[in-house]
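> model this:
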Amino acid sequence: MSDEETELRIKIVRKLARKRVVGSHKKQVDTVKNWVTSDEQGRAEEQIREMIRDSEAPLEGYGGSRDNVRLTSIEDAKAYIEDRGGELPWGLRD
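Sure thing, here's the model as predicted:
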C-alpha cells in the first residue's frame, strides 16, 4: 500500500472516530467519501471498500446494506491510527 493510500485511510478512520461512528451509529459510504476533497472521493470509496474486507482495519459493513459502515470500536480506530503514524483527533488523545 502506498503512503498516499495509508494517509487517506487514516483520514477516513480519524473522521469516523471523531464523529464516534460505532455501535448502532452508522454512515453510508457515499457520506463518508464526501468528507474528503472531490479529487480524493473516488480513491476514498475504493479504500473504504477495501478496509471493510481487511481484517486489520477497524471498519466494517453494517446492516442489511453493505453501503453502511461503522468502526469496530474507538479503541481499534485509535490503535489503527497510531500504528500507521497518524495523529489522534482531538478528544481521543489520552
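
> Mind telling me which residue is nearest the centre of this protein?
Nearest to the geometric centre of the chain sits residue 13, at 2.9 Å (Cα atoms, centre = their mean).

> That one and residue 81 touch, don't they?
Yes - counting by Cβ atoms under 8 Å, residue 81 is a contact partner of residue 13 at 5.9 Å. C-betas here are computed from N, CA, C, even on glycine.

> Distance from the chain centre to stretch 63-71, please.
12 Å (Cα atoms, centre = their mean, to the nearest Å).

> what comes up buried for that stretch?
For stretch 63-71, the neighbour count (16 or more other Cβ atoms under 10 Å) marks 67-71 as buried.

> Ok, stretch 49-57 next?
49, 51, 57.

> What lies in contact with that stretch?
9, 12-13, 29, 58-61, 66, 69, 80 (Cβ atoms under 8 Å, 6 or more residues apart in numbering).

> Equivalent analysis for stretch 10-18, please.
Under Cβ under 8 Å, 6+ apart, the answer for stretch 10-18 is 27, 32, 35-36, 44, 47-48, 51, 57-59, 69-71, 74, 77-78, 80-81, 84, 86-92.
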